[in-house]
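**Student:** only the shape, not the letters, is given here:
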């Protein structure tokens with residue numbers, strides 16, 4: 001069925017309405033190759049079931065139209081139904097759409113109106129089927145979005161960001177979310193989520209050329225939030241044996257099966273980390289508002305640009321900001337020569353509480369300022385237009401432990417020294 005092909009159309013109407021002008025003219029239109037009209041509901045249902053037209057137009061009282069369309073939609077879900085009604089009541093239209101109508105036209109109608117409606121709904125149906133065909137080329141899966149969370153300095157909070165963002169993505173999108181721990185020697189994703197297993201990334205690497213649903217199901221750990229977690233290897237020495245090809249195979253298998261794949265990484269630019277950066281759709285560079293961390297981020301950004309390590313979007317996430325006596329936002333942006341995409345406020349007590357209990361803060365304290373910010377970051381990664389810079393909590397929300405505002409220019413001279 002295509003718009004440029006002739007259509008098979010059935011019209012179900014009232015006995016005294018079977019000779020309406022729009023029906024006659026519709027049957028004469030060159031875009032309609034076959035048309036049948038019927039004025040008895042039982043006969044109409046039998047005719048539609050046997051002839052399987054592309055489009056069924058139902059012009060009966062609302063209750064009869066609703067019941068007839070529901071029967072067609074139940075038995076022939078790919079058949080397009082269009083309802084005609086003289087009532088403009090929203091509840092009537094809603095019931096018709098819920099029954100399976102793809103469009104509702106208000107009488108009186110012209111055959112041109114009906115043709116335009118058919119063309120519109122057929123175009124939508126073609127687009128839907130095209131997307132299904134693309135997905136079927138990947139064995140029923142589509143390609144997910146790959147997000148790398150990284151910091152060039154340890155202790156910046158990448159695992160807090162990645163675990164909470166993964167849970168928040170699952171909450172706000174209802175999509176399939178995978179969180180992979182690529183902190184290969186001492187990854188802590190499992191600790192932050194209270195997940196422990198002898199099945200880790202190491203098990204996938206051993207079968208990287210034959211990963212299927214069964215193998216993945218035996219390795220991925222499901223968190224209570226619905227996030228599927230790939231834990232880091234249990235032995236630090238494994239890190240030295242991992243190849244770029246193995247990482248690509250693991251990523252391919254995950255991206256075909258999940259809407260979002262979040263990679264928590266370590267602060268080492270080795271072959272594995274660079275392979276992840278090359279594949280990333282989004283790179284979240286996490287830093288804290290202290291001189292050593294900002295110095296490393298500046299060098300890291302310059303290295304990324306110089307070696308063209310990623311084609312993905314690079315976003316700076318300023319963690320533990322604002323906090324007492326931290327560098328100001330203006331100083332940070334001027335030093336890095338890169339905009340700050342998001343900030344996560346300082347909330348030491350809440351975050352420590354969540355880590356020690358293995359419960360992400362977006363679950364343990366969902367109304368806190370830090371949780372608000374992490375959910376906004378998740379929405380930003382998902383493509384939503386949200387304000388991710390927040391220097392004070394929303395009204396009615398707690399301030400957590402922010403404790404104070406940064407002072408402009410306090411560390412400007414020190415920042416300039418690190419740039420020399």
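**Tutor:** Looks like it came in fine. No experiment lies behind these values; they were computed from the predicted model shown.
**Student:** from here on, contacts and neighbour counts on C-alpha atoms
**Tutor:** Noted.
**Student:** strands along the stretch 51-200 of the chain, start to end?
**Tutor:** Taking DSSP state E, counting those that start in this stretch, the strands of the stretch 51-200 of the chain run over residues 55-58, 80-85, 103-106, 145-150, 177-182.
**Student:** buried stuff in the third one?
**Tutor:** Using 16 or more other CA atoms under 10 Å as the burial criterion, the residues of strand 103-106 that qualify are 103-105.
**Student:** returning to what we had before: need the strands of the stretch 51-200 of the chain in a markdown table (columns: distance to residue 375 and mean pLDDT).
**Tutor:** A markdown table is the format used below for the strands of the stretch 51-200 of the chain (distance: least, CA to CA, whole Å; pLDDT from 0 to 100):
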| stretch | distance to residue 375 | mean pLDDT |
| --- | --- | --- |
| strand 55-58 | 44 | 96 |
| strand 80-85 | 39 | 95 |
| strand 103-106 | 36 | 94 |
| strand 145-150 | 15 | 96 |
| strand 177-182 | 14 | 94 |
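**Student:** of all the ones you listed, which one comes closest to residue 308?
**Tutor:** Nearest of the strands of the stretch 51-200 of the chain to residue 308, taken as CA to CA: strand 145-150 at 15.6 Å.
**Student:** got the angle between that closest one and strand 177-182?
**Tutor:** For strand 145-150 against strand 177-182, the angle by axes from the mean of the first three to the mean of the last three CA atoms, to 10 degrees is 40 degrees.
**Student:** so where's the stretch 301-420 of the chain uncertain?
**Tutor:** 324-326, 395-420 (pLDDT under 70).
**Student:** let me know which of the strands of the stretch 51-200 of the chain is the nearest to residue 31.
**Tutor:** Closest approach to residue 31 among the strands of the stretch 51-200 of the chain (CA to CA): strand 55-58, 12.5 Å.
**Student:** can you give the contact residues for the closest one?
**Tutor:** By CA atoms under 8 Å, 6 or more residues apart in numbering, the surrounding residues in contact with strand 55-58 are 7-13, 48, 65, 69, 79-84, 118.
**Student:** which residues touch stretch 337-351?
**Tutor:** 315-323, 333, 361, 365, 369-370, 373-374, 377, 388-391, 400-402.
**Student:** in strands, which of those appear?
**Tutor:** Among those, the members falling in strands (DSSP state E) are 315-319.
**Student:** follow-up on the earlier one: can you select the buried ones from the contacts of strand 55-58 in PyMOL?
**Tutor:** Selection of the buried residues among the contacts of strand 55-58 in PyMOL, burial being defined by 16+ other CA under 10 Å:
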select buried, resi 7+8+9+10+11+12+13+48+65+69+79+80+81+82+83+84+118
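**Student:** for residue 225, state which of the buried residues of strand 103-106 is nearest.
**Tutor:** Distances from residue 225 to these, taken by CA to CA, are shortest for residue 103, at 37.7 Å.
**Student:** who does the residue nearest to that closest one when sequence neighbours are not counted bridge with?
**Tutor:** Once flanking residues are discounted, residue 103 sits nearest to residue 82: 5.0 Å by CA to CA, 6 or more residues apart in numbering. Beta-bridge pairing for residue 82 (DSSP bridges): residue 57, residue 103.
**Student:** got the contact list for residue 82?
**Tutor:** When contacts are counted by CA under 8 Å, 6+ apart, residue 82 touches 55-58, 101-105, 118.
**Student:** what of residue 264?
**Tutor:** 148-150, 158-159, 162, 179-183, 189.
**Student:** cool, residue 33 as well?
**Tutor:** Contacts of residue 33 by CA under 8 Å, 6+ apart are 6-8.
**Student:** host element of it?
**Tutor:** If you go by DSSP states H and E, residue 33 is part of strand 32-38.
**Student:** sheet-wise, list the partners of that strand with their directions.
**Tutor:** With DSSP bridges as the test, strand 32-38 is paired with strand 7-12 (parallel).
**Student:** toward the C-terminus from the strand it pairs with, list the very next helix or strand.
**Tutor:** Following strand 7-12 in sequence order, the next helix or strand is helix 21-28 (DSSP H and E).
**Student:** what is the orientation angle of that next one with strand 32-38?
**Tutor:** Using the same axes, to 10 degrees, the inter-axis angle of helix 21-28 relative to strand 32-38 is 140 degrees.
**Student:** and helix 21-28, which residues are buried?
**Tutor:** Buried residues in helix 21-28, counted by 16+ other CA under 10 Å: 22-23, 26-27.
**Student:** now swap in stretch 95-105 and tell me
**Tutor:** 96-97, 99-105.
**Student:** hmm, which two among those are most spread apart?
**Tutor:** 99 and 105 (15.1 Å).
**Student:** report the mean confidence score over stretch 108-118.
**Tutor:** For stretch 108-118, the mean per-residue pLDDT is 92.
**Student:** so what pairs up with the nearest residue to residue 276 once chain neighbours are set aside in the strands?
**Tutor:** Nearest in space to residue 276, with sequence neighbours left out and distances taken as CA to CA, 6+ apart, is residue 148 at 7.1 Å. Residue 148 forms beta bridges with residue 263, residue 283, as assigned by DSSP bridges.
**Student:** list the contacts of residue 148.
**Tutor:** 262-265, 276-277, 280, 282-284.
**Student:** related to what we said a few turns ago, format the contacts of residue 82 as a markdown table; extra columns: distance to residue 233.
**Tutor:** Listed next are the contacts of residue 82 as a markdown table, based on distance: CA to CA, whole Å:
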| residue | distance to residue 233 |
| --- | --- |
| 55 | 56 |
| 56 | 58 |
| 57 | 60 |
| 58 | 61 |
| 101 | 53 |
| 102 | 51 |
| 103 | 54 |
| 104 | 57 |
| 105 | 60 |
| 118 | 56 |
